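Q: sequence plus the predicted model coming up.
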Amino acid sequence: MKKLRLGLSEWRWSRLKALDWGAFVVFVSALSLLLVFMVYPIVLVVIDAFKAEGHFSLYHFTTFWSMEWYRTGLINSLLLAFFSVLATTMVGVPLAYIFVRYEFLGKRVFSILAIIPMIIPPFVGALGLRWVLGHSGMVNLFLQSLNLIREPIPFLFYRIPVNILEVPSDIHLGMVFIEALHLYPIIYLNTAAALSNIDPSLEEQAENLGASGFRLFRTVTLPLMSPGYIAGAVLVFIWVLTDLGTPLIIGYPHVIAYQLFSVALASYYQSPTAYVMSVIMTVVSLLLVVTYRRYVGLREYAKIQAGAAVSRRVTQPGILKLAMCYLFLSILILAAFSPHIGIFLAAFTREWSLTILPASYTLDNFINVFSAGLGYIENSFLYCTFVFIANVFLGAAIGYILVRKEIPGKEVLDYLSMLPMAVPGIVIGIGYWRAWMGTPLDPFFMAAVVLTISLTIRRLPFTVRAAYAGMLQIPKDYEEASLNIGAPRWRTFIHITLPLLLASVIAGGILSFTYAMLEVSTTLILIARAEHGTMTWGIFQYTNDPRYGWNIASAMGAILIVLIAVSLTIVGKVFGKQTGALFRVG
Amino acid sequence: MDVRLEDLTKKFGELIAVDHLSLDVEEGELCTLLGPSGCGKTTTLRCVAGFYTPDEGKIYFGDKLMTDVPPFKRNTGMVFQNYALWPHMTVFDNVAYGLRMRGVRRGETAKWVMDALRLVHLEGLEKRWPSQLSGGQQQRVALARALVIKPDVLLLDEPLSNLDAKLRVEMRTEIKKIQRELKITAIYVTHDQEEALSISDKLVVMNQGRAQQIGTPRQIYEDPENSFVADFIGIANFIKGRVKKVDEKNLIAIVETEHGFDVEAMLEEGVMQNMEVLASVRPEAITVYHRGRAPGGMNSIDGMVKLTTYLGDVARYEVETSWGSTIRADVYNPRHAHIFSEKEEVSLGFKNEDTKLIKL
């Protein structure tokens, strides 16, 4: 704040006169929106976490840590996130290297198939995997039918007990598998983008000086691509740490997100323990993002642009390498498809137990979804359409201001508009209850409104980033030329800037829309009544129904998958190979 | 409309980009701001266009004070270095834009746009997109776009620097013709001295934010006021010395150079005995003779040819003097002259009327 005031005092009256008041008003509105609907609720949560009997106190933190159940949850979550990063790295980095650096038959097809997991939300993936790898899933039944095993193998539920800080915890390999299977494309896309942005001459120079093979990779290639990789890794870590949907579907309550959710529900959304857990999750996420931004710098996303630089260092792999590539890719794609197979088979059947494939097929689940569940679909589209419109405008305005305008305090807007990437959705949900309960925005009555606002803010980074990247593509001269021949600022923005910016912002908006449709954590926390429910909320409701609930949930999941597939295809057309960079944090 | 800058100063943080610049551009005059990169010429132009608000000083168009008027109300037409044609509009729409902003009626707009395109010889291309045009054509569209609004002042920011050499010469002649024909006041920024000399009515040589000299191209070239101008415009050979004698009758000053010999130069106003000066001679004013053959009554310096470059229309010599510095001499039309080869001992001769004194 001190710095900001200093900046103001240096301002001269003549500068003030030259200030673009229109932009200033937009700036202040965007800033207020973020402050009121993101910062304020979180601040309330943080204050309450550090307050006992009206005073500053660490009481709630010590209480939290004194309970072994919670310690286990926290450590499990961190372990889960760490091992998920490890697993996604082991898949994503080689994948990036193969696709960027090798030329082989079927590369295009494989590279499209490899990002298939992106079109399935993780909890839907978990749902699908239960049909394939669950206790009575396809694989276990198949192995049993061959008499290879007697007892089913707990693929999705296997845990390695470990003891960390004398806290009994475990590494949930099943969860790691599910998370990694969904999230490796993030590592892959970020790394691939970084890898193909490397100036070939840098590596050629190293080769010229005698480096080759792994040594070349370790000394030159790896450091150059690491910013991209780290961006992906940070995102994966935060995603897993704050994921609520997957542990709910798998039924694994020993992670912090799940515990936070249960505590919140049990205490009618206002437990100090829930606030403490919110603070911990937020601090871990923020630390990662801030560290990342320090390390890589803000300018990293300046590189996102339509059409990637093509690396000229593409080689034909030898026969052995080629065989390994194909083997790796085949296993990966088989695994990547298994959740989809599970979901789609389950969606079209009601008779599927104790047989490897369903006994008969039916459209009943979809009929069910489109009759009884129609309200969920309508709500989702209603909320998310608003999110789309709001984010296109907000994103364009903020991106424009960030790139073009000199307004004191601009950096604050820059940070705040990227912050939602780092603030866990579940924490936003808790914060909204804390901030708006008993007000005209009480989520119990106004879930539709507050959820829409929270989704707008949480998905804002997509359009801001898209607009930012788009703005960097527009030479300042275009706007100056327009000002010069008589168009005032707003007309210049409407006639020149906006048309040139529109494709990228709309693409960002489609991402906003899609990922608002898939939102789980804020949705589950904020929605207390079925009439406000969305598709994701509905999926979880259906899973409570013991009869055909899981099949109906799968049908709803299948609809979501198709939806994402369509929207990502559109976005991919606009952003090309750089699409992955839109998912970055920081 | 005439343009007047009074004590214009523009700072970027610590850096003073334009430093108390005063300038009068007469109505219908083409005034060039010339200088090395970072000299403040573009900043000055952008202040005139209204993209920068000056920290001090005033800008007048005619009698109107424009200092705080936003760019879109100044009625200037600017041609940008990279043309800045909007890629989402056709040539027609690009040119028509300014008219639409002014609320000109549809039919009139079309007529004016066509007139402007005819003026820059682009008739028939109005339906093209900017990406379908060559660099030269884009340049013409940018010019038409700036002219069609009948601006009070035409501003050109290094408009030719993205064109190839031949096109550059062609376009600058054309810009000059159009500017004359329309009798429009124009401010032209360039770092190319040949371009500046050929196109300007008035030339401002700038360095480090200051106007070093303002004058006609001829004044600037033949009568540079300081060593920066002499050196930046064309090439000059400098010899440092002290005025030994002032001959008011013949308008000649005799300078004792720091290397011991005397040089005769034209007497400048204000040059007095014992003044420290630079004697400057243009390469084309120097003739190269065999050692000792320089005619009497001429200044003469001995040296050895270090490098000979034969360019057809000119033989260019770099001659090393006895005190180790290099003097350049250009001998034009060398068809019938002896071409000296490297290491040949020569004498350089130049007339006192070609020797210009610059006060230090």
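A: That came in fine, so what should we check first?

Q: got phi/psi on B:W323?
A: Backbone torsions for B:W323, taken as degrees, to the nearest 10, come to phi -90, psi 10.

Q: quick check: it touching B:T257?
A: No. B:W323 is not in contact with B:T257 according to CB atoms under 8 Å; the separation is 9.2 Å. The way it works is simple: take the backbone N, C-alpha and C, and place the C-beta from them, glycine included.

Q: more neighbours, the two?
A: Between B:W323 and B:T257, counted using other CB atoms under 10 Å in any protein chain shown, the more crowded position is B:T257 (18 against 12).

Q: for the more buried one, which non-adjacent residue is closest in space?
A: Counting by CB to CB, 6 or more residues apart in numbering or on different chains, B:T257 lies nearest to B:G241, which is 3.9 Å off, once chain neighbours are set aside.

Q: kindly report the same for B:A142.
A: Spatial nearest neighbour of B:A142, chain neighbours left out: B:Y83 (4.2 Å); criterion: CB to CB, 6+ apart.

Q: got the contact list for the one you found?
A: B:130, B:138-139, B:141-142, B:162 (CB atoms under 8 Å, 6 or more residues apart in numbering or on different chains).

Q: rerun that using 10 Å as the cut-off
A: B:Y83 makes contact with A:475, A:477, A:481, B:94, B:130, B:133, B:135, B:137-143, B:145, B:159, B:162, according to CB atoms under 10 Å, 6 or more residues apart in numbering or on different chains.

Q: show me just the buried residues among those.
A: Buried by 16 or more other CB atoms under 10 Å in any protein chain shown: A:477, A:481, B:94, B:130, B:133, B:137-143, B:145, B:159, out of the contacts of B:Y83.

Q: which of these sits closest to A:P317?
A: For those, the closest approach to A:P317 (CB to CB) belongs to B:P130, at 43.2 Å.

Q: the closest one reaches B:V95, doesn't it?
A: No. When contacts are counted by CB atoms under 10 Å, B:P130 is not listed as touching B:V95 (11.2 Å).

Q: overlap in contacts of the two?
A: By the contact definition CB under 10 Å, 6+ apart, B:P130 and B:V95 are jointly contacted by B:85, B:89, B:141-142.

Q: kindly provide the distance from the residue nearest to B:T257 to B:V263.
A: In this view, B:G241 and B:V263 are 7 Å apart by CB to CB, to the nearest Å.

Q: if I look at the closest residue to B:V69 other than its chain neighbours, how far off is A:L483?
A: Closest residue to B:V69 apart from its sequence neighbours, by CB to CB, 6+ apart: B:G50 at 6.3 Å. Look at B:G50 and A:L483: by CB to CB, they are 8 Å apart.

Q: and residue 234, helix, strand or coil?
A: Using chain A. Under DSSP: H, G, I helix; E, B strand; the rest coil, A:V234 falls in the helix class.

Q: not quite, go with chain B.
A: From three-state DSSP, the assignment for B:G234 is coil.

Q: how far out from the middle of the chain is the helix or strand where A:S32 lies?
A: For A:S32, the element it lies in under DSSP states H and E is helix A:21-34. Helix A:21-34 sits 26 Å away from the centroid of its parent chain (CA atoms, centre = their mean, to the nearest Å).

Q: wouldn't B:D201 be in contact with B:Q179 here?
A: Yes. Look at B:D201 against B:Q179 with CB under 10 Å: they come within range, at 9.3 Å.

Q: what is the burial count for the closest residue to chain A within the stretch 201-350 of chain B?
A: Nearest to chain A in the stretch 201-350 of chain B, going by CB to the nearest CB, is B:G209, at a distance of 18.1 Å. By the measure other CB under 10 Å, the count of residues near B:G209 is 23.

Q: got phi/psi on it?
A: For B:G209, the backbone dihedrals (degrees, to the nearest 10) come out as phi 80, psi -10.

Q: quick one, what contacts it?
A: With contact set as CB under 10 Å, 6+ apart, B:G209 has these partners: B:8-11, B:15-21, B:35, B:38-41, B:43-44.

Q: are any of those residues buried, and if so which?
A: Buried members of the contacts of B:G209, scored by 16+ other CB under 10 Å, are B:8-10, B:16-19, B:21, B:35, B:39-41, B:43-44.

Q: now the element after the helix holding A:S32, going C-ward?
A: Downstream of helix A:21-34, the next assigned helix or strand under DSSP H and E is helix A:40-49.

Q: chain B versus the nearest residue to A:T349 once chain neighbours are set aside, what's the distance?
A: Spatial nearest neighbour of A:T349, chain neighbours left out: A:P358 (3.6 Å); criterion: CB to CB, 6+ apart. Distance, A:P358 to chain B, using CB to the nearest CB, to the nearest Å: 52 Å.

Q: any idea of the pLDDT on A:P358?
A: Looking at A:P358, its pLDDT is 84.

Q: pretty sure it is touching A:L141, no?
A: No. Applying CB under 10 Å, one finds A:P358 not in contact with A:L141, separated by 11.7 Å.

Q: picking that back up, now, the contacts of B:G209 that are in helices?
A: Taking DSSP state H, the ones among the contacts of B:G209 that sit in helices are B:41, B:43-44.

Q: list just the nearest of the residues you listed to chain A.
A: Nearest member of the ones in helices among the contacts of B:G209 to chain A, counting by CB to the nearest CB, is B:T43, at 13.7 Å.

Q: what's the farthest-apart pair in the shared contacts of B:P130 and B:V95?
A: For the shared contacts of B:P130 and B:V95, the maximum inter-member distance is 12.6 Å, found between B:M89 and B:A142 (CB to CB).

Q: hey, what's in contact with both of those two?
A: Joint contacts of B:M89 and B:A142 (CB under 10 Å, 6+ apart) are B:95, B:130.

Q: quick one, helices of chain B?
A: For chain B, the helices defined by DSSP H cover B:41-49, B:91-101, B:106-119, B:135-147, B:165-182, B:193-199, B:217-222, B:227-232.
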